[in-house]
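Asks: Please work out how this folds:
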Amino acid sequence: MTIISWIILGLLAGAVAKFLLPGRDPGGLIGTTLIGIAGAFIGGWISARLLDHPVTKDFYDGTTWVAAIGGSLVLLIAYRLLFGHSRD
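Replies: Numbers count the residues shown, from 1 in each chain. Coordinates of the predicted model:
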């Protein structure tokens with residue numbers, strides 16, 4: 001997959017992660033989008049390196065999507081834990 005594909009996948013994964021974990025985010029829509037993109041990259045890296053299940057080059061592969069959404073969820077939870085109470 002190209003970098004553009006990973007960015008598009010990250011945008012969609014961030015939206016799915018936001019849907020699965022609703023609530024108020026400290027960064028708003030832009031922060032959630034950036035977390036989704038970073039989560040897609042990190043999820044793909046973890047899948048390939050640590051779980052020994054390389055992400056295929058197919059955009060529509062289920063493993064690719066699970067890795068991207070999982071990475072986005074992990075980053076979104078970490079972001080909320082670190083910066084979630086700054087608006088109170």
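
Asks: only C-alpha atoms for contact and neighbour calcs from this point on.
Replies: OK.

Asks: Would you map the strands across the chain?
Replies: For the chain, strands defined by DSSP state E do not occur.

Asks: Closest to the centroid, which residue in it?
Replies: Most central in the chain under Cα atoms, centre = their mean is Ser72, positioned 2.2 Å from the mean C-alpha point.

Asks: so what's that residue up against?
Replies: Applying Cα atoms under 8 Å, 6 or more residues apart in numbering to Ser72 gives the contacts Gly10, Ala13, Gly14, Ala17, Ile35, Gly36, Ile37, Ala38, Gly39, Ala40, Gly43.

Asks: and the closest residue to the first one other than its chain neighbours, how many neighbours does it have?
Replies: Read it as Gly10. Using Cα to Cα, 6 or more residues apart in numbering and skipping residues adjacent in sequence, the residue nearest Gly10 is Ile37, 3.7 Å away. A count of nearby residues for Ile37, using other Cα atoms under 10 Å, gives 25.

Asks: Also Arg49?
Replies: Arg49: 12 surrounding residues under other Cα under 10 Å.

Asks: circling back: just the contacts of Ser72 now: which is nearest Asp52?
Replies: Gly43 (12.3 Å; Cα to Cα).
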